[in-house]
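Undergrad: here is my input, please return the structure:
(2 chains)
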Amino acid sequence: MTMTLIADAPVDVDAEGFLTDPEQWNEQIGRAIAAENGITELTDRHWLVVTFMRERYLATGTAPSIRSLGKESGVPVRELYQLFPKGPAKLAAKIGGIPKPTGCI
Amino acid sequence: MTQLLEHTESLTGEPKTIEKVAIVISKGSLEGIYPGLIMANGARMEGIEADLFFTFFGLDAIRKDRWEKIKVATVGNPGMHLPTLLGALPGFSALATRMMKQQMEKIDIPPIPEFIELVADSGAHLYACKATVDMFGLTINDFVPQVEEIMSVGQFYEEAAGGQIIFT
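TA: As a prediction, the model looks like this:
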């Protein structure tokens, strides 16, 4: 775990750049992480997914699977991959300031 | 000399990542089909390209008339840790299948039809093996709409070029 500056805010991140403490997150940080990962503009649809991931993690302690993301976030699987081509669950978790999802599904 | 230097560079450079996988599903039992689907879905979740090639009884996973009826093999499956004769009792395979499906639902693994839709929606490409299709006398109409094409082994290798091939 290392401390780094994202959007001028000091945050703790793991080796892959996932925030280790969700409390340190804010929307500017989310935007900065998105830009770094090739998403220059976060649309309402992106935010819908990011917020769903984050809220589910904060409520249950685990990030949702891609299956429940597709069923319950309001964004179908096909669109999830259009919004986050390099892996929706992983990237939305990163942008939303929660740890990397560990599930296989 | 130049070659030598380049070689050294590639050894010390960034660790290589997998960019593409081609997964062959050759078995028609529940435990024969799931691993390939889980690996394909897992690949897409990591942003890795994935092609799925269904061959022999693996075709059952994408056949309209069979994909909802995939069962656990309770005979000839040492992993069941059961006497073969017990596994052969009527209804036993159905019972084992039901139990396994419940366990999978608990850990959020979808049933096979939903899983096929999930991997197709996630951008994986699904193909049926031409030799097997011909052997069983099938046509593209026998397959679920997620199947893009019936493909020969040669075509499959072309499609899989540049990726890792995983046989299940």
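Undergrad: pull the CA atoms of the strand or helix carrying B:Gly154 into PDB?
TA: Element membership for B:Gly154 (DSSP states H and E) is helix B:153-160. Taking C-alpha atoms only, helix B:153-160 is exported to PDB below (Å, rounded to 0.1, in the frame of the first residue of the first chain):
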ATOM      1  CA  VAL B 153     -10.800 -26.300 -37.100                       C
ATOM      2  CA  GLY B 154      -8.700 -24.400 -39.600                       C
ATOM      3  CA  GLN B 155     -10.900 -21.300 -39.300                       C
ATOM      4  CA  PHE B 156     -10.900 -21.600 -35.600                       C
ATOM      5  CA  TYR B 157      -7.100 -21.500 -35.500                       C
ATOM      6  CA  GLU B 158      -7.100 -18.400 -37.700                       C
ATOM      7  CA  GLU B 159      -9.600 -16.800 -35.400                       C
ATOM      8  CA  ALA B 160      -7.500 -17.800 -32.400                       C
END
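Undergrad: tell me the helix or strand right after that helix.
TA: strand B:164-167.
Undergrad: tell me the buried residues in that following strand?
TA: Judged by neighbour count using 16 or more other C-beta atoms under 10 Å in any protein chain shown, the buried positions of strand B:164-167 are B:Ile166. C-beta coordinates here come from the backbone N, C-alpha and C atoms, glycine included.
Undergrad: contacting residues for the closest residue to A:Ile33 other than its chain neighbours?
TA: Nearest residue to A:Ile33 in three dimensions, chain neighbours excluded: A:Ile95, at 5.0 Å (C-beta to C-beta, 6 or more residues apart in numbering or on different chains). For A:Ile95, the contacting residues are A:30, A:33-34, A:37, A:39, A:42, A:46, A:50, by C-beta atoms under 8 Å, 6 or more residues apart in numbering or on different chains.
Undergrad: how about 10 Å then?
TA: A:18-19, A:25, A:27, A:29-37, A:39, A:42, A:46-47, A:49-50, A:53-54, A:84 (C-beta atoms under 10 Å, 6 or more residues apart in numbering or on different chains).
Undergrad: same deal with A:Trp25?
TA: Residues counted as contacts of A:Trp25 (C-beta under 10 Å, 6+ apart) are A:6, A:9, A:11, A:19, A:33, A:54, A:95-98.
Undergrad: just give me the closest of those to chain B.
TA: Proximity of the contacts of A:Trp25 to chain B (C-beta to the nearest C-beta) peaks at A:Ile95, which lies at 14.4 Å.
Undergrad: doesn't B:Gly36 belong to a helix?
TA: Yes. Counting by DSSP: H, G, I helix; E, B strand; the rest coil, B:Gly36 falls inside a helix.
Undergrad: surely it meets B:Ser29?
TA: No. With contact defined as C-beta atoms under 10 Å, B:Gly36 does not reach B:Ser29; the gap is 11.9 Å.
Undergrad: can you pull the residues that touch both of the two?
TA: B:58, B:61.
Undergrad: which element is A:Arg67 on?
TA: Going by DSSP H and E, A:Arg67 is part of helix A:66-72.
Undergrad: tell me what the helix holding B:Gly154 is packed against?
TA: Secondary-structure packing of helix B:153-160 (3 or more C-beta pairs under 10 Å, 6 or more residues apart in numbering or on different chains; DSSP states H and E): strand B:20-25, strand B:49-54, strand B:125-129, helix B:130-135, strand B:147-151, strand B:164-167.
Undergrad: out of these, which gets nearest to chain A?
TA: When the helices and strands packed on helix B:153-160 are compared by C-beta to the nearest C-beta, strand B:49-54 sits nearest chain A, at 10.6 Å.
Undergrad: list the neighbouring strands of that closest one plus their orientation.
TA: Take DSSP bridges as the rule and strand B:49-54 pairs in its sheet with strand B:20-25 (parallel), strand B:125-129 (parallel).
Undergrad: which parts of chain B sit against chain A?
TA: B:37-39, B:41-48, B:104, B:107-110, B:114-115, B:117-124 (C-beta under 10 Å from any C-beta of the partner chain).
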